[in-house]
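In: Sharing a model prediction with you, sequence too.
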Amino acid sequence: MALIELRDVTKTYRRDAIEIPVLERVSISVGEGDFLGLMGPSGSGKSTLLNLLAGIDRPSRGSIRIGDTEISSLSERALASWRARHIGFIFQLYNLIPVLTAFENVELPLLLTHLSKKQRRDHVMTALNIVGLGDREKHYPRQLSGGQEQRVAIARAIVTDPTLLLADEPTGDLDAKSGGEVLTLLQRLNQEFKKTIVMVTHDPHAAERATHTLHLEKGTLVEQDGARA
Amino acid sequence: MRFVGLVLKSARRNKRRTALTVLSVAIAVFLFASLRAVLDGFNGAAEASSSTRIVTIRSTSLIFSMPTSHAEGIKSVPGIRDITWASWFGGIYKDPSNFFAQIAVEPESYLRMYPEIVLPPDERRAFLEDRTGAIVGSGLAKKYGWKTGDRVVLRVGIPLYGKQDFTFTIRGVYTSSTNAVDNQTMFFNWKYLDERSIVKSQAGWFVSEIANPDQATQVALAIDQKFANTPNETKTDTERQFQSSFASMFGNLNLLLGSIALAVVITTLFVAGNTMAMSVRERTTEIAVMRTLGFPPSTIFGLIAGEGVVMSIAGGVLGVVLARVLVTGDNLGAGGFIPAFGVSNTNVAVGLALSAFIGVVAGLIPATMASRLKIVDALRRVA
């Protein structure tokens, strides 16, 4: 069963009076438990597609259904609430809050839930243990390596047990070893915890870890491997 | 409550900037509370004034004196029960910066008409019997370490009183039972002043006791009419009006002090607002990340505005504590012009409310900016 259904999604940006097309009539379908690699050169629209899936951007035309929800028609507030429950987002530059410890960074999405302090603590420690950083809960981001920061960011993304994990070039700022560890972790989340993952990358080695790949060029799908279009 | 930790951590992000913002609000609140204390002091004295006392001065100005023979004329006006007079001395104790009020009074009648001046009977007797004796307020005595029997030498400040120094013996230390009389004044025998004066038998003002407070206006008018078209025309007011006119010698104090307080608060608002806006600009990506995690615009607004309020209230608390400790009658040196001086509980509450107001208003624009941030644009700015 498809978890993500995109139908004829078009996205254009307006700069002054000029309309710049970024995505044109993209239709894809991603099944529950899939690990999709989105590939393509810079400016091909892959990050825009990821942003649309995350509900932090809106399509100009077309529909995006994730699970039972047509997210393109949700209000700003409803979309924020939906993101909190269903999306875990992993950024290329980790984007941890520098004044918060690893524990507090991971706890951040849980502040929006009704969980008690103790329940939040249990969830955070579970997430940190999954990424192998249970002993670094009191460390600030500046006290961690790049790879560790990204793993804390992954813990933050999975702590609410979201429906969908979205990763935007998660290894783009890491050395090969740390990048490999992060990809292994994502693979484990997909295989062991059955998480559906969409990962944007232009590293073919990273894309090899995905179960399916899609290639975008100039805003349109040009090639696919295993994904249902 | 779960966001309080987040607000506090964010406020501590740039400690120096936060400290400076807190300090600027503290100074604004301190100044505000201090200026209000001055106004309250003047108003408090006027409000505590006796309704049965009226004061007569020269119609031209308080600084010009009148012959003491006016006393008989005033006393003959129907409705007057008692009368006394006094003169401003303006002497210098060691250094001009040691300013305090020194008033030459007709001792017996003055103490009779001012029961607020509380003196032990033996000290009262000693003062009445000594031509060069003086009584000082408890606050003044404490300030200069004076006690009964001490000799105090004052240099002449107004040439009308000759050139020779005045030496007084302190015969008593009074306390004040109301705000109408302060505890920072020296009273001494008018006869001692008169014998050294170049122009004899002069009084600065007369204080009359009236039988019926409801007739104060008519009695005052009758006194002034009695001296109309004489070389020493008078102006008679109730004691409350007299207190107010004393304050108005400095100009429109309400407007002046109010304007200063307003200017300080508005300046602080801009300072705090600018700091908050800078802080939000620096955290654009973080805010975008929080929005991506699902924080709704209203929560982001609350977090940023809350940060402003926390910093501002911290400044407010510091400001009112400083004001409470530093703004006291002993530290002011108002020399008796403001009998009851200090930061009241109301002023503390108003100061804290003001700091909260500064925080809310200063945080309004940055918080709106943050809550309306377009996530994708904000993330793209850094990525």
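Out: Now that the structure is in, tell me what you want to look at.
In: B:Ser344 contacts B:Val38, correct?
Out: No: using CB atoms under 8 Å as the test, B:Ser344 is too far from B:Val38 to be in contact (12.0 Å). Just so you know, the C-beta spots here come from the backbone N, C-alpha and C atoms, and that holds for glycine as well.
In: So these two - more neighbours on which side?
Out: B:Val38 (19 against 16; other CB atoms under 10 Å in any protein chain shown).
In: three-state assignment of the more buried one?
Out: helix (DSSP: H, G, I helix; E, B strand; the rest coil).
In: Would you check that my belief about it contacting B:Gly258 is correct?
Out: No: B:Val38 lies out of contact with B:Gly258 (CB under 8 Å); the separation is 11.0 Å.
In: Check which helices and strands the longest helix that chain A contains sits against.
Out: If you go by DSSP state H, chain A has its longest helix at helix A:176-191. Where contact means 3 or more CB pairs under 8 Å, 6 or more residues apart in numbering or on different chains; DSSP states H and E, helix A:176-191 is packed against strand A:35-39, helix A:146-158, strand A:164-168, strand A:196-200.
In: residues in contact with B:Ile375?
Out: By CB atoms under 8 Å, 6 or more residues apart in numbering or on different chains, the residues touching B:Ile375 are A:Asn51, A:Ile56, A:Asp57, B:Ala288, B:Arg291, B:Thr292.
In: And B:Thr236, by the same measure?
Out: By CB under 8 Å, 6+ apart, the neighbours of B:Thr236 are B:Ile54, B:Val55, B:Thr56, B:Ile57, B:Val219, B:Ala220, B:Leu221, B:Ile223, B:Asp224.
In: And the residue nearest the centre of chain A?
Out: The centroid of chain A falls nearest to A:Leu166 when counting by CA atoms, centre = their mean (1.3 Å).
In: how far away is it from A:Arg209?
Out: As judged by CB to CB, to the nearest Å, A:Leu166 and A:Arg209 stand 15 Å apart.
In: average pLDDT for stretch B:51-68?
Out: Per-residue pLDDT values over stretch B:51-68 give a mean of 88.
In: Start and end of it, how far apart?
Out: End-to-end distance for stretch B:51-68, by CA to CA, to the nearest Å: 24 Å.
In: For residue 199, which non-adjacent residue is closest in space?
Out: The chain I'm using is chain A. Spatial nearest neighbour of A:Met199, excluding adjacent residues (CB to CB, 6 or more residues apart in numbering or on different chains): A:Ala167 at 4.3 Å.
In: Please refer instead to chain B.
Out: That would be B:Leu160: by CB to CB, 6+ apart, it lies 6.5 Å from B:Val199.
In: surely the one you found meets B:Arg196?
Out: No: using CB under 8 Å, B:Leu160 is not in contact with B:Arg196, being 9.4 Å away.
In: which intervals of chain B have sub-threshold pLDDT?
Out: B:1, B:46-48, B:179-180, B:245-251, B:329-341, B:381-383 (pLDDT under 70).
In: coming back round to it: beta partners of the residue nearest to the centre of chain A?
Out: A:Phe89, A:Val198 (DSSP bridges).
In: ranges for the strands of chain B?
Out: Counting by DSSP state E, chain B has strands at residues B:53-58, B:66-67, B:80-88, B:101-105, B:117-118, B:133-137, B:151-154, B:166-176, B:185-189, B:202-203, B:205-210, B:234-238.
In: okay, those strands in CSV with distance to A:Ser81 next?
Out: Formatted as CSV, the strands of chain B follow (distance: least, CB to CB, whole Å):
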stretch, distance to A:Ser81
strand B:53-58, 71
strand B:66-67, 82
strand B:80-88, 74
strand B:101-105, 69
strand B:117-118, 70
strand B:133-137, 68
strand B:151-154, 78
strand B:166-176, 65
strand B:185-189, 69
strand B:202-203, 81
strand B:205-210, 75
strand B:234-238, 67
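In: residues touching A:Arg77, list them.
Out: B:Pro296, B:Pro297, B:Ser298.
In: cutoff 6 Å now
Out: Neighbouring residues of A:Arg77 by CB atoms under 6 Å, 6 or more residues apart in numbering or on different chains: B:Pro296.
In: Identify each buried residue in the strand or helix carrying it, please.
Out: Counting by DSSP states H and E, the element that carries A:Arg77 is helix A:76-86. Neighbour counts over helix A:76-86 (16 or more other CB atoms under 10 Å in any protein chain shown) mark A:Leu79, A:Ala80, A:Trp82, A:Arg83, A:Ala84, A:His86 as buried.
In: Which pLDDT value goes with the closest residue to chain B within chain A?
Out: Relative to chain B, the nearest point of chain A is A:Ala84 (2.5 Å; CB to the nearest CB). In this model, A:Ala84 is scored at 95, pLDDT.
In: looking at it, it is touching B:Phe295, isn't it?
Out: No: assessed by CB atoms under 6 Å, A:Ala84 is found out of contact with B:Phe295, at 7.7 Å.
In: For the residue of chain B found nearest chain A, which non-adjacent residue is spatially closest?
Out: Of all residues in chain B, B:Gly294 sits closest to chain A, at 2.5 Å by CB to the nearest CB. The shortest distance from B:Gly294 to any non-neighbouring residue, by CB to CB, 6+ apart, is to A:Ala84 (2.5 Å).
In: if I look at the one you found, how far off is A:Ala167?
Out: 18 Å.
In: Contact residues of chain A facing chain B?
Out: Counting by CB under 6 Å from any CB of the partner chain, chain A comes close to chain B at A:51, A:56-57, A:77, A:80, A:83-84, A:89, A:95, A:97, A:99, A:109, A:111-112.
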